[in-house]
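**Student:** no letters, just coordinates:
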């Protein structure tokens with residue numbers, strides 16, 4: 001039987017990886033949305049205020065792009081920590097192990113743009 005404290009750590013770390021994978025996908029969608037928004041703003045810009053808004057939107061886009069690489073790095077770190085926990089626990093087939101492996105696989109698909 002596996003120590004309940006170890007199972008709890010694995011569940012928590014699995015949740016961390018799951019959240020970071022979702023967060024990464026969210027930032028990618030936000031970059032796409034902001035890019036479209038900026039293109040629309042550029043085509044409709046008529047005065048200095050509009051140009052300033054485009055500039056600020058560009059800054060937001062850059063910050064969001066920076067978060068993609070940061071999230072990917074944190075996700076990779078969390079996935080490796082989860083893998084280490086799984087290896088140390090030597091779990092048999094159980095729900096926690098299945099879910100943890102699925103999240104590690106999802107985290108391996110996370111790429112830096």
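**Tutor:** Nice, thanks for sending it over. The shown structure was predicted, so the numbers you read here are calculated from the model rather than taken from an experiment.

**Student:** residues contacting the residue positioned nearest the centre of the chain?
**Tutor:** Closest to where the C-alpha atoms of the chain average out (C-alpha atoms, centre = their mean) is residue 24, at 2.4 Å. Going by C-beta atoms under 8 Å, 6 or more residues apart in numbering, residue 24 touches 68, 71-72, 75, 110. C-beta coordinates here come from the backbone N, C-alpha and C atoms, glycine included.

**Student:** among those, which two are most distant?
**Tutor:** For the contacts of residue 24, the maximum inter-member distance is 10.5 Å, found between 68 and 75 (C-beta to C-beta).

**Student:** out of these two, which sits in the busier spot?
**Tutor:** A side-by-side neighbour count of residue 68 and residue 75, using other C-beta atoms under 10 Å, places residue 75 first with 25 against 21.

**Student:** okay, now the unreliable bits of this structure?
**Tutor:** For the chain, the stretches with pLDDT under 70 are 1-2, 112-113.

**Student:** if we use 80, what do you get?
**Tutor:** Along the chain, segments meeting pLDDT under 80 span 1-3, 45, 90-93, 111-113.

**Student:** how about the helices of it, start to end?
**Tutor:** Counting by DSSP state H, the segments of the chain that form helices are 4-44, 48-89, 95-108.

**Student:** so what's the gap between the longest one and the chain middle?
**Tutor:** Between the centre of helix 48-89 and the centre of its chain there are 7 Å (C-alpha atoms, centre = their mean, to the nearest Å).

**Student:** try the shortest one
**Tutor:** Its chain's average C-alpha position is 15 Å from that of helix 95-108, according to C-alpha atoms, centre = their mean.

**Student:** now it: buried residues?
**Tutor:** Neighbour-count burial for helix 95-108 flags 96-97, 99-100, 103-104, 106-107 (criterion: 16 or more other C-beta atoms under 10 Å).
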